[in-house]
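Asker: Sequence unavailable; structure follows:
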């Protein structure tokens, strides 16, 4: 019992300092990225929130390209997202189409112009320059560490993971290809690299 108490004391004494440092680093990195994104958005006449929606929709799969999924991913209200999507559609950056099986569901796809805007702006120039200056081994270590941090934050706070399909516990590979055990549907090779709102990590899986 004494050992447990000592561990707990050390945890509460040391971890807040580490958490503060990580918070400050993430915030500073976010500021640098947002500055690049704002500049790119200004040149294209697009607001940052509109760009964030486009960026997400260019990465997600067919189960995750709905207004509700956009709101969940960005952490915004349905009203804000609805207005954002409407403006993107008016700008010719986004297309809406009804679901083939459920007319209440709307799917969202960036147009070719919308995808070009994302491709020209991601990764942010500051990130690409900084990462590119590191040895490849350090780049891989950084990616692994950031993925682990993201996963830890999501799981500790009960958040949706929105991670690539191929890292999901529902994704199964058979001789004929990939299969989703949740939706009971086959998955194309392109599907498994995309973000999914139904994603769940395996209990002992790795971050992909």
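Answerer: Alright, I've got the coordinates. Just so we're clear, the structure is a prediction, and the values are computed from it rather than from any experiment.
Asker: and the gap between the residue nearest the centre of the chain and residue 194?
Answerer: Nearest residue to the geometric centre of the chain (C-alpha atoms, centre = their mean): residue 162, 5.7 Å. To residue 194, residue 162 is 10 Å away according to C-beta to C-beta, to the nearest Å. Heads up, the C-betas are built off the backbone N, CA and C, glycines and all.
Asker: in the chain, which helix or strand is least confident?
Answerer: Every helix and strand in the chain was compared by mean pLDDT, DSSP states H and E; the lowest is helix 2-44, with a mean of 76.
Asker: quick revisit: which residues do residue 162 and residue 194 both contact?
Answerer: Any residue near both residue 162 and residue 194 by C-beta atoms under 8 Å, 6 or more residues apart in numbering counts here, and that gives 60, 64.
Asker: Could you find the closest non-adjacent residue to the residue nearest to the centre of the chain?
Answerer: Excluding the flanking residues, the one nearest residue 162 by C-beta to C-beta, 6 or more residues apart in numbering is residue 195, at 5.1 Å.
Asker: In contact with the one you found, which residues?
Answerer: Listed by C-beta under 8 Å, 6+ apart, the contact set of residue 195 reads 56, 59-61, 64, 73, 162-165.
Asker: Kindly reformat the residues you listed as a markdown table and extend each row with distance to residue 97, pLDDT and secondary structure.
Answerer: A markdown table is the format used below for the contacts of residue 195 (distance: C-beta to C-beta, whole Å; pLDDT from 0 to 100; DSSP: H, G, I helix; E, B strand; the rest coil):
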| residue | distance to residue 97 | pLDDT | secondary structure |
| --- | --- | --- | --- |
| 56 | 17 | 97 | helix |
| 59 | 18 | 96 | coil |
| 60 | 15 | 96 | strand |
| 61 | 15 | 94 | coil |
| 64 | 15 | 95 | coil |
| 73 | 19 | 96 | helix |
| 162 | 22 | 93 | coil |
| 163 | 25 | 93 | strand |
| 164 | 24 | 93 | strand |
| 165 | 21 | 93 | helix |
